[in-house]
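A.B. asks: take this sequence and fold it.
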Amino acid sequence: MIKNYIKIAWRNVVKNAMPSSINIAGLAVGLASFIVILIYLNYELSYDKWDPSLKKVYKVSFKEKGDVQPTTPAPLAYMLAHNHPNIEAATCIQPDDDYQVLMATADKKIFQDGIVTVADSSFFKVFPYQLAIGNVNMALLAPDAIILSQEVSQKLFGHSNPMGKTIKMFDQVNCVVTGVLKDAATPTHFSAKVLMRDPWHKTNNFWGNYSFLTYIKLKHPVADRQLEASLNRVYFVDWMKRFGKPANTKRSDLRNTIFTDKVGNIHNFPKYGASNFKITLVLLVLAIFLLIASAINFSNLTIVRAITRAREVGIRKVLGSTRWNIIFQSLLEISIQCLISLILASALVSLLLPYFSNSFNVPLSFSGNENAASLCLQIAGILVAIILVSGLYPALFLSNFRVATVLKGDQVDGGKGVFFRNSLLVVQLTLSALFITGIVIINRQLNYIQNKDLGLNPSQVVRIEALQQSRESNFSTVRNTLLAIPGVEYVSKTTSVPGSTNIDTNTAKFGFEGSKYRLNSVKISADFFKTLGIKLVEGRYFDDSYPEDLDNTAIINESAAKRMHIKYAIGKNIIFPYCDTLPYHIVGVVKDFNVQSLENMIVPTIYSISNQHCGFRSGGAILIKLKTDSIKSSMAAITAAWKKFEPAYPIRYSFLDQNFKNLYVTYHRLSTIILFFSAISVLIAVSGLFALTSFLAQLRVKEIGVRKVLGASVANITTLLSKDFVKLVILSIVIATPIAFWALSKWLNDFAYRISLQWWMFALSGVLVVAITLLTVGSQAMRSAMANPVKSLRSE
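C.D. replies: Numbering: from 1, shown residues only. Now for the predicted structure:
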């Protein structure tokens with residue numbers, strides 16, 4: 001019996017090749033898009049899930065009145081591990097995910113990212129990494145120990161055993177390989193391709209050194225609030241001992257409080273900071289919308305086809321088929337089409353995944369996925385849901401035909417299920433309106449952030465990665481040498497490089513006229529503002545002709561002036577944290593300028609040339625402003641000169657304008673994907689509208705013939721067939737507009753600088769949806785209206 005059902009179902013699919021192909025193709029595209037996003041979703045949710053013990057690992061951070069500081073003092077991990085009863089182990093590290101470090105062997109040099117430049121002997125007690133070579137209990141005990149990932153080991157030593165071999169790091173420190181790290185089975189929130197001991201551990205291990213990330217591993221899991229309360233008690237007691245505070249000291253006197261993040265939540269659901277899951281969620285919702293549109297179209301097209309099978313159903317019922325037999329037969333036919341769609345979708349996924357992986361820079365695959373079995377179950381569940389949702393109503397519709405009516409040759413009553421069909425169509429048109437509105441507003445926002453005045457001019461500004469020696473003690477020589485090169489206008493340095501993906505925006509309390517204000521501190525050189533074309537509001541820039549600029553003068557931005565309520569800043573004194581013996585004199589105020597993407601507000605900032613008296617600031621890069629059209633020749637001369645300063649390091653440079661563009665790559669990718677989804681959604685809606693128009697025209701073919709005989713024009717009949725669809729599309733726009741307004745307002749809230757939503761954006765989207773509907777429905781309606789009425793009325 002089942003075999004017979006399958007044969008008949010397959011014959012019906014082949015017999016109706018054209019409508020079946022439309023059904024199958026539409027659903028295949030929707031399924032393929034959804035599967036790609038599903039694979040991406042599973043990848044994102046797999047962060048730090050590679051070992052069950054990670055559920056007990058937490059990252060420890062500080063906050064002060066809402067200001068979050070992810071880095072912590074060097075001794076914090078040791079103190080917590082020895083004073084908290086529920087901490088099994090604690091470690092502090094300094095991961096430099098994106099920063100590339102020079103690694104050299106006797107015959108090879110590479111620049112490598114993913115360096116954990118500080119990893120103590122407790123690292124493996126907290127993080128359950130395994131070694132492919134070496135002893136995990138001994139690998140980080142030696143002060144010069146270094147552990148390589150399998151990838152880095154192969155880069156440096158090929159397939160030979162690297163154990164005991166020497167690697168020179170930073171062109172300064174010799175390290176001995178003590179292990180080869182196995183790759184984690186899932187992605188992690190920080191990259192660990194190289195682990196090394198801190199060569200300067202003894203000098204760096206003091207409470208004022210806030211440059212470490214602290215992690216703890218618990219013996220027993222506890223609620224977050226309970227954990228944070230107990231950690232703060234331990235930290236408060238230790239703080240009182242260190243500073244000799246009396247027993248009646250209040251905890252409110254403590255400047256910092258501790259909060260924690262579960263390691264498994266850091267990537268997607270951190271307590272503070274931006275979540276990486278927002279883009280994933282947006283893509284998932286869009287993929288679900290597209291899949292729903294595909295399923296609705298599948299259902300509508302199946303209903304259209306049902307009318308041509310009325311006599312077949314009547315004959316089956318006369319021959320003894322029950323209603324359930326017909327429903328089963330119909331669902332089986334729909335299932336076969338869905339399975340074919342899944343096969344085609346799988347082929348499309350294999351084509352789309354490499355593009356998607358490259359676009360989002362994530363290693364996505366299906367066959368190599370750790371959760372392949374789970375993915376298969378998810379896809380199977382989605383397929384069953386599509387079969388039931390898109391196939392159940394058409395099956396019921398088909399099984400409801402009356403035997404006497406259909407065998408007499410009468411048409412099926414088109415009025416049955418009109419509300420349901422129209423509801424599906426409204427949902428489909430609403431989704432199309434949402435996609436079109438989304439692409440209009442997202443593109444508008446992207447154009448805005450690309451064209452908005454940053455307050456600086458990154459054009460023809462070159463960023464050079466430089467060692468600390470080149471940025472500090474040797475900077476005057478570097479600067480003068482580079483300025484002598486034709487085409488070089490300015491040379492400067494900064495610890496906060498505009499256009500960087502990671503910028504330290506931590507704030508500290510600066511003293512001003514008896515009050516404390518939280519500001520960010522940036523160390524620069526004299527020509528920094530001129531290099532970037534940053535305008536002066538009042539006062540002057542730093543200048544080499546003012547010797548005092550080297551020691552105790554400062555420039556602030558407009559945001560800092562507003563925060564400190566300064567009307568006229570020149571000559572006022574500002575005091576660095578914990579450094580009231582040497583006040584800095586404000587000599588200038590510059591206009592606000594963006595150093596980050598426009599998702600972030602401009603941070604109130606104080607700029608100084610030297611703040612080593614009051615907390616040393618390092619890092620950053622050297623900036624060069626070019627004033628020539630001959631970029632290649634200038635860069636060739638700069639490259640040649642650089643070999644004198646850092647002979648062991650090949651020059652690494654980038655252009656700031658391109659760096660700023662790279663900050664928005666993710667949003668451009670999102671825009672491209674939404675455009676693709678919008679196009680597919682519209683095509684699916686058009687095919688559905690076309691099929692439904694054809695269906696209704698077929699039901700009313702005799703009515704159309706009579707109207708034409710009685711004098712109705714083509715325009716009259718076209719209007720008759722189109723007006724109901726126009727009502728539905730207007731209803732769809734009415735439904736879509738508030739949903740789009742809410743969703744896009746939430747999305748725009750991620751940007752500190754954004755466009756305002758205006759009525760014409762939604763009106764434009766509505767006009768586009770109406771135009772697409774009228775073109776689709778009108779073309780089919782005109783075709784029906786222009787048909788010869790003799791053919792439809794000759795049987796009367």
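A.B. asks: residues contacting Lys350?
C.D. replies: Small correction: residue 350 is Ser, not Lys. If you count contacts by Cβ atoms under 8 Å, 6 or more residues apart in numbering, Ser350 has them with Phe366. In this view, the C-beta of every residue, glycine as well, is placed from N, C-alpha and C.
A.B. asks: tell me the pLDDT of it.
C.D. replies: On pLDDT, Ser350 comes in at 87.
A.B. asks: just the element for the spatially most central residue of the chain, please.
C.D. replies: Centroid-nearest residue in the chain, with Cα atoms, centre = their mean: Ile279, separated by 4.2 Å. Assigned by DSSP states H and E, Ile279 belongs to helix 277-306.
A.B. asks: beyond the host helix or strand of Ala77, next helix or strand please.
C.D. replies: Per DSSP H and E, Ala77 falls inside helix 76-83. Counting by DSSP H and E, the next helix or strand C-terminal to helix 76-83 is strand 87-96.
A.B. asks: show me which positions of the longest helix anywhere in the chain end up buried.
C.D. replies: Scanning the chain for the longest helix, with DSSP state H as the assignment, gives helix 323-360. Across helix 323-360, burial judged by 16 or more other Cβ atoms under 10 Å covers 326-338, 340-342, 344-345, 348-349, 352-353, 356-357, 360.
A.B. asks: distance between the ends of stretch 737-756?
C.D. replies: 15 Å (Cα to Cα, to the nearest Å).
A.B. asks: quick one, strands of the stretch 601-750 of the chain?
C.D. replies: According to DSSP state E, counting those that start in this stretch, the stretch 601-750 of the chain carries its strands in the segments 605-608, 621-626, 653-655.
A.B. asks: what comes up buried for the helix holding Ala77?
C.D. replies: Judged by neighbour count using 16+ other Cβ under 10 Å, the buried positions of helix 76-83 are Leu76, Ala77, Tyr78, Met79, Leu80, Ala81.
A.B. asks: make TSV out of these and add distance to Tyr584 and pLDDT.
C.D. replies: Converted to TSV, the buried residues of helix 76-83 look like this (distance: Cβ to Cβ, whole Å; pLDDT from 0 to 100):
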residue	distance to Tyr584	pLDDT
Leu76	30	91
Ala77	34	90
Tyr78	35	90
Met79	33	92
Leu80	35	93
Ala81	39	92
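A.B. asks: now, which of those sits nearest Val537?
C.D. replies: Leu76 (40.3 Å; Cβ to Cβ).
A.B. asks: mind listing what the closest one touches?
C.D. replies: Val60, Cys92, Phe212, Thr214, Tyr235.
A.B. asks: which element is the nearest residue to Ala736 once chain neighbours are set aside on?
C.D. replies: In space, and not counting its chain neighbours, Ala736 is closest to Ala433: 3.7 Å by Cβ to Cβ, 6 or more residues apart in numbering. Of the helices and strands defined by DSSP H and E, Ala433 is found in helix 418-451.
A.B. asks: what is the mean pLDDT for that helix?
C.D. replies: pLDDT averaged over helix 418-451 gives 83.
A.B. asks: which neighbours in the sheet does the following helix or strand past that helix have, and how are they oriented?
C.D. replies: Once the chain leaves helix 418-451, the next helix or strand it forms, by DSSP H and E, is strand 461-464. Strand 461-464 sits in its sheet next to strand 621-626 (antiparallel), strand 653-655 (antiparallel), going by DSSP bridges.
A.B. asks: which parts of stretch 133-143 are buried?
C.D. replies: Under 16+ other Cβ under 10 Å, the buried positions of stretch 133-143 are Ile133, Gly134, Val136, Ala139, Leu140.
A.B. asks: follow-up on the earlier one: relative to helix 277-306, how tilted is the helix holding Ala433?
C.D. replies: Orientation check (axes from the mean of the first three to the mean of the last three Cα atoms, to 10 degrees): helix 418-451 against helix 277-306 gives 150 degrees.
A.B. asks: so what secondary structure elements neighbour helix 418-451?
C.D. replies: Other helices and strands packing on helix 418-451, by 3 or more Cβ pairs under 8 Å, 6 or more residues apart in numbering; DSSP states H and E, are helix 277-306, helix 665-699, helix 714-748, helix 759-785.
A.B. asks: centre of the chain versus the last one, how much separation?
C.D. replies: This points to helix 759-785. Centroid separation between helix 759-785 and its chain, computed with Cα atoms, centre = their mean, to the nearest Å, is 34 Å.
A.B. asks: show me what that helix is packed up against.
C.D. replies: For helix 759-785, the packing partners by 3+ Cβ pairs under 8 Å, 6+ apart come out as helix 418-451, helix 665-699, helix 701-709, helix 714-748.
A.B. asks: now distance to His267 and mean neighbour count too, for these, in CSV please.
C.D. replies: As requested, the helices and strands packed on helix 759-785 are exported to CSV (distance: least, Cβ to Cβ, whole Å; neighbours: other Cβ atoms under 10 Å):
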stretch, distance to His267, mean neighbour count
helix 418-451, 24, 20
helix 665-699, 15, 19
helix 701-709, 59, 17
helix 714-748, 20, 17
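A.B. asks: which one of those lies closest to Thr501?
C.D. replies: helix 665-699 (10.2 Å).
A.B. asks: residues in contact with stretch 462-473?
C.D. replies: Contact partners of stretch 462-473, identified using Cβ under 8 Å, 6+ apart, comprise 100, 170-171, 478, 493, 497, 499, 618, 620-626, 635, 638, 642, 645-646, 649, 651-656, 659.
A.B. asks: can I assume Ile258 sits in a strand?
C.D. replies: Yes - checked against DSSP: H, G, I helix; E, B strand; the rest coil, Ile258 lies within a strand.
A.B. asks: from Val237, how far off is it?
C.D. replies: Separation of Ile258 from Val237 (Cβ to Cβ, to the nearest Å) stands at 13 Å.
A.B. asks: neighbour count winner among those two?
C.D. replies: Higher neighbour count among Ile258 and Val237: Ile258, with 23 against 12, using other Cβ atoms under 10 Å.
A.B. asks: mind pulling up the pLDDT for the more buried one?
C.D. replies: The confidence metric pLDDT takes the value 89 at Ile258.
A.B. asks: what's the helix or strand for the residue nearest to it when sequence neighbours are not counted?
C.D. replies: Closest residue to Ile258 apart from its sequence neighbours, by Cβ to Cβ, 6+ apart: Leu231 at 4.7 Å. For Leu231, the host element (DSSP H and E) is helix 224-243.
A.B. asks: give me the contact list for that helix.
C.D. replies: By Cβ under 8 Å, 6+ apart, helix 224-243 touches 58, 60, 76, 79-80, 83-84, 86, 207, 218, 222, 245, 247, 249, 251, 254, 257-260, 262.
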